[in-house]
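Enquirer: Provide a 3D model corresponding to the input given below.
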Amino acid sequence: MQEPQSPTPELSTHGVGPWPGEWPEEPQYDPELLERGDTRNVIDRYRYWRMDAIVADLDEHRHPFHVAIENWQHDMNIGSIVRSANAFAADTVHIIGRKRWNKRGAMVTDRYQHVLHHPDVAAFVAWAAAEALPIIAIDNVPGSVIIETFAFPERCVLLFGQEGPGLSEEAIAAAAAVVEISQYGSTRSINASAAAAVTMHDWILQHRFGRARASVGV
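Expert: Next up is the predicted model:
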């Protein structure tokens, strides 16, 4: 027997059925979702909301940090990084290099997250300079500063490389600072999407919870 089709395109494990009782009249609600239910991967606050209404509400409280990822080899981690950027309310995600990226790990959060493409590092650097945003590279290379001691600027771009090769030399040269995540085991590096999540959360700790640090390298 054929499985019933999900009433919404984003099937999650925490969906809700049709709206019980009289429908709300506020304009953010989607009549189709109210009628058929909402299985999207969204927090309860946004249940039954129109997609454009969710994006507009997020725009009211996005954080002033951006996330950038080099994409030369179609890295599968990019989708997961976009998902984390949405979770931490990053302003925008920037894809540098190949325009196409693997969206599977994003779990459709890219529908709610601003994503911009830059054809190469030079174009990205020019954009960041025009916006007066310092580029903070995240990589474990000689001369990097450990994240536990680094004070992230409130407005900045967190730049990540690909799984394996890491950041390109051009990207590192363009950075105002290079930060690495301290590790204590035998592996040389952690997964790129995990590194991005750790870094974004560290920005949150500093700027949302007031864990100030002395400025280093910027």
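Enquirer: list the contacts for Thr180?
Expert: Wrong residue type there; residue 180 is Glu, not Thr. Each residue near Glu180 by Cβ atoms under 8 Å, 6 or more residues apart in numbering is listed here: Ile138, Asp139, Asn140, Val141, Ser144, Val145, Ile146, Ile147. (Each C-beta comes from the backbone N, C-alpha and C, glycine too.)
Enquirer: tell me the contacts of the residue positioned nearest the centre of the chain?
Expert: Nearest to the mean C-alpha position of the chain, by Cα atoms, centre = their mean, lies Ala85 at 1.7 Å. By Cβ under 8 Å, 6+ apart, the contact set of Ala85 is Val67, Val93, Gln113, Ala196, Met200.
Enquirer: that one and Val115, how far apart?
Expert: Counting by Cβ to Cβ, to the nearest Å, the gap between Ala85 and Val115 amounts to 9 Å.
Enquirer: residues shared between the contacts of the two?
Expert: The overlap between the contact sets of Ala85 and Val115 (Cβ under 8 Å, 6+ apart) consists of Val93.
Enquirer: one step back: which of the contacts of Ala85 fall within strands?
Expert: Secondary structure defined by DSSP state E assigns Val67, Val93 of these to strands.
Enquirer: could the contacts of Ala85 go into JSON lines alongside distance to Arg100, pLDDT and neighbour count?
Expert: Conversion of the contacts of Ala85 to JSON lines gives the following (distance: Cβ to Cβ, whole Å; pLDDT from 0 to 100; neighbours: other Cβ atoms under 10 Å):
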{"residue": "Val67", "distance to Arg100": "18", "pLDDT": "98", "neighbour count": "26"}
{"residue": "Val93", "distance to Arg100": "14", "pLDDT": "98", "neighbour count": "26"}
{"residue": "Gln113", "distance to Arg100": "17", "pLDDT": "97", "neighbour count": "22"}
{"residue": "Ala196", "distance to Arg100": "19", "pLDDT": "97", "neighbour count": "26"}
{"residue": "Met200", "distance to Arg100": "24", "pLDDT": "98", "neighbour count": "22"}
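Enquirer: in JSON lines, list the contacts of Ala85 along with distance to Met107.
Expert: Conversion of the contacts of Ala85 to JSON lines gives the following (distance: Cβ to Cβ, whole Å):
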{"residue": "Val67", "distance to Met107": "16"}
{"residue": "Val93", "distance to Met107": "14"}
{"residue": "Gln113", "distance to Met107": "11"}
{"residue": "Ala196", "distance to Met107": "15"}
{"residue": "Met200", "distance to Met107": "16"}
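Enquirer: so Ile96 makes contact with His66?
Expert: No: here Ile96 does not reach His66: they are 11.8 Å apart, not a contact under Cβ atoms under 8 Å.
Enquirer: for Ala175, phi and psi?
Expert: Note on Ala175: backbone dihedrals following degrees, to the nearest 10 are phi -80, psi 140.
Enquirer: mind checking how far it is from Leu133?
Expert: To Leu133, Ala175 is 12 Å away according to Cβ to Cβ.
Enquirer: which one's more surrounded, these two?
Expert: Ala175 (22 against 19; other Cβ atoms under 10 Å).
Enquirer: per-residue confidence for the more buried one?
Expert: In the prediction, the pLDDT value recorded for Ala175 is 98.
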